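*Asks:* coords please:
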Amino acid sequence: MFEQLEIIGNSNSQKEKFSRAANNLLNHCFILKKKEDTRQDYIYIKDNKEQFSLVFDLLGYDLRIDEDIGLISISNRNGTGRLQFTKFESIMFLILKLLYLEKRNDLSTNGDNVTVTIQEIRDKYNLLKLGNKQKLDKSSERQIIALFKRYNIIRNLTSDITQGETRIEIYPSIMIAIPNEGITHLYENVKERLTEYEVGDENADDAEDFADEEAE
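*Replies:* Model (predicted):
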C-alpha cells in the first residue's frame, strides 16, 4: 500500500494536490465534474483512484466514482460522521429532491442542468400541512441555501436569493448517486417522507442519510 502511495508523494506539488482533493471531498462530501471549482479535483481523484481508495479505506470510507453523472462521493462504513439535519432542514432537502426529480422528468434530461426558482421551493413548502410549521422567511432561506451549497448539492445562479424568480441549480448529487432505474421508487419515497412530516410521524425527524461530515 505504501509503495503505491509513494507515487503521490514524489513531489511537493503532488502532495498538495492530493491533500487538497482529499480534504475537499471530506469537507464537502461530493466532488462534481461539472462544477468549476471542483472539476480539477474530480479529474485528479479519478486519475488516481487506487491511491485515494487506499487512503479513504484506512479512514473507514468507501470511495465511489460515478462517471455517468460526473460525481465522486464517500460513505462511512461504520455509519459515523453523519451530518444531522434538523426537521426543517430535512424537509427542505426533501423538497429540493422532489423538485429535482419532477424537473428531470418533465424536461426529459439526464439531470445535468436542473434549475428551480425560489418561488417554486416556497410553493412546495407552503403546500405542506405541518403543525407548528417553521416560517420560511428570507433568513431561513439564506441558511438553507448556504447549507446545501456547502455540500455541493445546489448553487444559486444569481446573488440575491430573496427574490422569487431567483434560479437555483440542483446538482446530480441530490440523487446520492442512485442509478436511473431507481428514480420512480425514489420519487415515491420522497413523497412518502414528506407525508410523514405532515401527519407528525416522530420517526420522520431523522436526518437525511446522504452526507458524511468531518470536523473542520
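*Asks:* Just list what the lengthiest helix in the chain packs against, helices and strands only.
*Replies:* The longest helix of the chain (DSSP state H) is helix 87-107. Contact here means 3 or more Cβ pairs under 8 Å, 6 or more residues apart in numbering; DSSP states H and E; on that basis helix 87-107 packs against strand 114-117, helix 118-127, helix 138-150, strand 167-170, helix 183-199. To be clear about C-beta, it is placed using only N, CA and C from the backbone, and glycine gets the same treatment.
*Asks:* Might you calculate how far that helix sits from the centre of the chain?
*Replies:* 12 Å (Cα atoms, centre = their mean, to the nearest Å).
*Asks:* what's the answer for stretch 37-49, then?
*Replies:* 17 Å.
*Asks:* Kindly report the same for stretch 130-148.
*Replies:* 18 Å.
*Asks:* CA atoms only: put it into CSV for me.
*Replies:* Output of stretch 130-148 as CSV, limited to C-alpha atoms (Å, rounded to 0.1, in the frame of the first residue of the first chain):
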residue,chain,number,x,y,z
LEU,A,130,-47.5,20.8,9.2
GLY,A,131,-48.3,21.5,12.8
ASN,A,132,-46.1,24.3,14.2
LYS,A,133,-44.5,24.8,10.8
GLN,A,134,-41.4,26.9,10.8
LYS,A,135,-41.8,30.1,8.9
LEU,A,136,-39.9,30.1,5.6
ASP,A,137,-38.6,33.7,5.7
LYS,A,138,-35.7,35.3,4.0
SER,A,139,-33.3,34.4,6.8
SER,A,140,-34.2,30.7,6.8
GLU,A,141,-33.9,30.7,3.0
ARG,A,142,-30.4,32.1,3.2
GLN,A,143,-29.5,29.5,5.8
ILE,A,144,-30.8,26.6,3.7
ILE,A,145,-29.1,27.8,0.5
ALA,A,146,-25.8,28.2,2.3
LEU,A,147,-26.1,24.8,3.9
PHE,A,148,-26.7,22.9,0.7
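*Asks:* low-scoring pLDDT stretches of the protein, where are they?
*Replies:* 1-10, 79-82, 107-112, 177-187, 199-216 (pLDDT under 70).
*Asks:* Verify the contact between Arg119 and Arg167 for me.
*Replies:* Careful, residue 119 is Gln; it's not Arg. No - with contact defined as Cβ atoms under 8 Å, Gln119 does not reach Arg167; the gap is 10.1 Å.
*Asks:* Between those two, point out the one with more neighbours.
*Replies:* Between Gln119 and Arg167, counted using other Cβ atoms under 10 Å, the more crowded position is Arg167 (15 against 12).
*Asks:* What is the burial count for the closest residue in space to Ile161 that isn't next to it in sequence?
*Replies:* Closest residue to Ile161 apart from its sequence neighbours, by Cβ to Cβ, 6 or more residues apart in numbering: Ile145 at 5.3 Å. Ile145 has 20 neighbouring residues, counting by other Cβ under 10 Å.
*Asks:* Repeat that for the one 10 residues further on.
*Replies:* Summarising burial for Arg155: neighbours were counted as other Cβ under 10 Å, giving 18.
*Asks:* ok, and what's touching stretch 33-49?
*Replies:* Identification of contacts with stretch 33-49 by Cβ atoms under 8 Å, 6 or more residues apart in numbering yields 7-8, 17-18, 20-21, 24-25, 28, 31-32, 52, 63, 65, 67, 70-72, 112, 152, 155, 171.
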